[in-house]
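Participant: Sequence below, structure please.
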Amino acid sequence: MSPYIKISQLYRYLFSVGLVKNQRDLAQKAGINYTNLSAAFNGDVKYLTDGLFRKICNAFPILNLEYFLDNRGEMLTYEIKTEKEIVNICELNINQRIKKIKMDLCKGSNKRFAERLNESSTIVNNWVRNGYPIGQKPKEAIIKYFPEVNYEWLIYGTGEMLEQKKDTKIKTNKTDLIIEKLQKIIEQNSIIITLLRDKNY
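Facilitator: Below you'll find the model as predicted:
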């Protein structure tokens, strides 16, 4: 299948499920120059490059990059099942999701974000640039150093940003119980100490 047919195919799909409104919207969300994208849609092979497909697939991880570059697998990595999934994908691409992690978990500090990921500020600053390709290494680093982040949300934009905190709640409840027990022991010991003092007095 030619690159021209493939880009037409992906655009029809993205448009049909409401992920893009038009070609200009696609260009903006993928961080591509609109004139260049328009030329690609008109069949200009000079603009139908691997880099073009990489940017689009990076912005819409529902699209399978291997399908567009090597004719491997299906066009989609998974099927959209709910309207909420569409909203999530529309709202943020992966660069914007990484930026949200930085803003929410590192108070917007690029330096703190870089230090936590054990990367340079320049590199992580690139990750939040719209359209900058995000490989496997950054994704693995974020999940490793931010274990509270939901993998599905980071990669596909589905679900919530943070994992469910059931375990945390359990831990908190256990901690509360321990504190409560210690407080009771302290109170009991205080009573015993008071009684002993009174007796000695």
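Participant: For the rest of this, base every contact and every neighbour count on C-alpha atoms.
Facilitator: Fine.
Participant: tell me which element the residue positioned nearest the centre of the chain falls in.
Facilitator: Nearest to the geometric centre of the chain sits Leu154, at 2.0 Å (Cα atoms, centre = their mean). Assigned by DSSP states H and E, Leu154 belongs to helix 151-156.
Participant: hmm, back to that, let me know whether the residue nearest to the centre of the chain touches Asn93 as I believe.
Facilitator: No - using Cα atoms under 8 Å, Leu154 makes no contact with Asn93, being 9.2 Å away.
Participant: Tell me the buried residues in the host helix or strand of Lys99?
Facilitator: For Lys99, the host element (DSSP H and E) is helix 94-105. For helix 94-105, burial by neighbour count (16 or more other Cα atoms under 10 Å) applies to 94-102.
Participant: same deal with stretch 14-28?
Facilitator: 14, 19-20, 24, 26-27.
Participant: Pop the domain breakdown of the protein in here.
Facilitator: 3-87, 92-156, 165-201 (automatic domain parsing).
Participant: could I get these as JSON lines with mean pLDDT?
Facilitator: JSON lines is the format used below for these (pLDDT from 0 to 100):
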{"stretch": "domain 3-87", "mean pLDDT": "88"}
{"stretch": "domain 92-156", "mean pLDDT": "89"}
{"stretch": "domain 165-201", "mean pLDDT": "62"}
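Participant: Gly31: which of the buried residues of helix 94-105 is nearest?
Facilitator: The closest of the buried residues of helix 94-105 to Gly31 turns out to be Asn95 (Cα to Cα; 10.3 Å).
Participant: ok, the closest one touching Trp127?
Facilitator: Yes - in this structure Asn95 lies within contact range of Trp127 using Cα under 8 Å: 5.9 Å.
Participant: Need the overlap of contacts for the two.
Facilitator: The contact sets of Asn95 and Trp127 overlap at Ile134 (Cα atoms under 8 Å, 6 or more residues apart in numbering).
Participant: Which elements pack onto the helix holding Leu154?
Facilitator: Judged by 3 or more Cα pairs under 8 Å, 6 or more residues apart in numbering; DSSP states H and E, helix 151-156 is in contact with helix 94-105, helix 136-145.
Participant: Out of those helices, the one nearest Phe68 is which?
Facilitator: Once the helices and strands packed on helix 151-156 are compared by Cα to Cα, helix 136-145 is nearest, at 17.8 Å.
Participant: Residues contacting the closest one from elsewhere in the structure, which ones?
Facilitator: Residues from elsewhere that reach helix 136-145 (Cα under 8 Å, 6+ apart): 116-117, 149-151, 154-155.
Participant: For that helix, which residues meet the burial criterion?
Facilitator: Buried, per 16+ other Cα under 10 Å, within helix 136-145: 138, 142.
Participant: and the angle from that helix to helix 94-105?
Facilitator: Interaxial angle, helix 136-145 versus helix 94-105 (axes from the mean of the first three to the mean of the last three Cα atoms, to 10 degrees): 20 degrees.
Participant: just how off-centre is helix 136-145 within its chain?
Facilitator: Distance, stretch centre to chain centre, for helix 136-145: 10 Å (Cα atoms, centre = their mean, to the nearest Å).
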